[in-house]
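S.K.: Build me a model from this:
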Amino acid sequence: MSIIESHPDINDAYPTRVSTEPTLLYRQDPVVYGAPDGGPIDGETLDSFEANGFLSIDQLVSPEEVETYRAELRRMSSDPEVLADERTVTEHGTNDVRSIFEIHKISEVFAELVRDPRVVGRARQILGSDVYVHQSRVNYKPGFTGKDFYWHSDFETWHAEDGMPRMRAVSISIALTENFVHNGGLMIMPGSHKTFVACVGETPADHYKASLKSQEIGTPDPGSLSILADKHGIELFTGAAGSATMFDCNCMHGSNGNITPFPRSNVFVVFNSVENTCGEPFSAPSPRPSFIGARDFTPVGA
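M.R.: Numbering: from 1, shown residues only. Next up, the predicted model:
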């Protein structure tokens, strides 16, 4: 395994799934594009985001708002039309709902949340531009049966399969249930966003159908993960319902399964800069469906 500064193919700054050996590449893009006066995030927090790749908000939405979102979660998970929609993903081997995608188009309740200045304002500030929704979803991790999300960099998939050219996207995860240390909370390797793990394996056609249930292609190798974990450590995020975590598109992150009685559900929104729109995939036969990787680049609020 090697660590190199760049790749000779200037059309692809982050080649992945093109070699039989994993490679660690230095990040070539800024982390923070905006300034402290460009939104609700103060300068100290922006500096911390640049260094670590994430920030936490103790209470982004109120308890009353959380109840509204929980009610909408229950409604969607019991709606026959939603359950039959291709945007609904069930757990591998069961019919339990794992995720529902494109919630800002399925639900006006969540559409309002995506447009909320507390949410989109932070994304615009970090990315230094107008933003559009590259992906939105709700994640259900029910008690006893919630499965894990293996370690991965979202950008690796978005670059390889959606054609996102550069690291200029940010995700926000808003907790709708309490995150304990024991119910499958988000884990991030702080600082890992500055290293890109080029994965091995060729992307098969319609890979998304399998990867949304259990991803294998595009997941980092144990050696690369060990290097990053030894260098950066692992941080586990806990917090009350209504708290939120924002993190850079290239953070190495994952979560354990949930065998406790306590469910863990969250709203997950990816904002991409309108100056970083997706083109043809870099390492896949065709783009994923638009409900997973948007092809509508209309700025939020436009």
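S.K.: How many neighbouring residues does the nearest residue to Gly293 once chain neighbours are set aside have?
M.R.: The spatially closest residue to Gly293, leaving aside those adjacent along the chain, is Asp162, at 3.4 Å (Cβ to Cβ, 6 or more residues apart in numbering). All C-beta atoms are positioned from the backbone trio N, CA, C, and that covers glycine. By the criterion of other Cβ atoms under 10 Å, Asp162 has 26 neighbours.
S.K.: so Asp162 sits right up against Ser290, yeah?
M.R.: No - look at Asp162 against Ser290 with Cβ atoms under 8 Å: they stay out of range, at 9.7 Å.
S.K.: What segments of the stretch 101-250 of the chain are strands?
M.R.: Along the stretch 101-250 of the chain, counting by DSSP state E, counting those that start in this stretch, strands occupy 131-141, 149-153, 169-175, 186-188, 195-198, 235-236, 244-248.
S.K.: List the contacts of Ile103.
M.R.: Contact partners of Ile103, counting by Cβ atoms under 8 Å, 6 or more residues apart in numbering, are 76, 110, 136-138, 267.
S.K.: ok, now His232?
M.R.: The contact partners of His232, taken as Cβ under 8 Å, 6+ apart, are 189-192.
S.K.: among these, who's most crowded?
M.R.: Neighbour-wise, the contacts of His232 (other Cβ under 10 Å) top out at Ser192, 29 neighbours.
S.K.: For this structure, which segments count as helices?
M.R.: Using DSSP state H, the helices of the chain run over residues 43-52, 63-77, 80-84, 103-106, 108-115, 117-127, 154-157, 208-211, 222-232.
S.K.: Which of those helices has the lowest mean pLDDT?
M.R.: Note on these: lowest mean pLDDT is at helix 208-211, with a mean of 61.
S.K.: picking up where we left off before, which among the contacts of Ile103 gets closest to Gly218?
M.R.: Using Cβ to Cβ, Arg137 is the member of those that sits closest to Gly218, with 17.4 Å.
S.K.: Quick check: the closest one vs Arg27, distance?
M.R.: Distance, Arg137 to Arg27, by Cβ to Cβ, to the nearest Å: 26 Å.
S.K.: now swap in Val269 and tell me
M.R.: Taking Cβ to Cβ, one finds Val269 at 23 Å from Arg27.
S.K.: Among these two, which residue is more densely surrounded?
M.R.: Between Val269 and Arg27, counted using other Cβ under 10 Å, the more crowded position is Val269 (26 against 18).
S.K.: who's in contact with the nearest residue to the more buried one once chain neighbours are set aside?
M.R.: Closest residue in space to Val269, ignoring its immediate chain neighbours: Ser136 at 4.8 Å, by Cβ to Cβ, 6+ apart. Contacts for Ser136 (Cβ under 8 Å, 6+ apart) come out as 101-104, 110, 114, 267-270.
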